[in-house]
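Student: Quick one: sequence plus predicted model below, questions after.
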Amino acid sequence: MRSQKVVEKGNVDSTLAQAKKSYSRTYRWPLQLHGMIGPSCAIADVKSDKATIWCGTQGPFRSRTNIATLLKLPEKMCG
């Protein structure tokens, strides 16, 4: 099987090195066993006091808890 690059634009390593913040996460939820019908994508509206996130997930409560922890916000402010 041959791989093909559709777009190669910018320098990821350089851009990440210049970022003010970066996040790292290890996932241990076996979601790779399930194939999603729709595209894997998410939209996040993060403000200083709340976050609204739209995403496809099979663990919405765990996702909410993890996002609240990551953003250091009360869980009730993440939806």
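Tutor: Arrived safely.

Student: neighbours of residue 64, just the number please.
Tutor: Counted with other CB atoms under 10 Å, the neighbours of residue 64 add up to 17. Where C-beta positions appear, they are placed from N, C-alpha and C, glycine not excepted.

Student: what do you get for residue 51?
Tutor: The local packing of residue 51 (other CB under 10 Å) involves 18 other residues.

Student: cool, residue 21 as well?
Tutor: The burial count for residue 21: 4, using other CB under 10 Å.

Student: Now the residue positioned nearest the centre of the chain: closest residue in space, sequence neighbours ignored.
Tutor: Centroid check for the chain by CA atoms, centre = their mean gives residue 42 as the closest residue, at 7.1 Å. Excluding the flanking residues, the one nearest residue 42 by CB to CB, 6 or more residues apart in numbering is residue 55, at 3.6 Å.

Student: show me where pLDDT drops low in the protein?
Tutor: For the chain, the stretches with pLDDT under 70 are 1, 29-39.

Student: Helices of that one, start to end?
Tutor: With helices called from DSSP state H, the chain shows them at 12-18, 60-71.

Student: Can you tell me which of these is packed in deepest?
Tutor: Neighbour counts (mean count of other CB atoms under 10 Å) averaged over each of these peak at helix 60-71, with a mean of 14.
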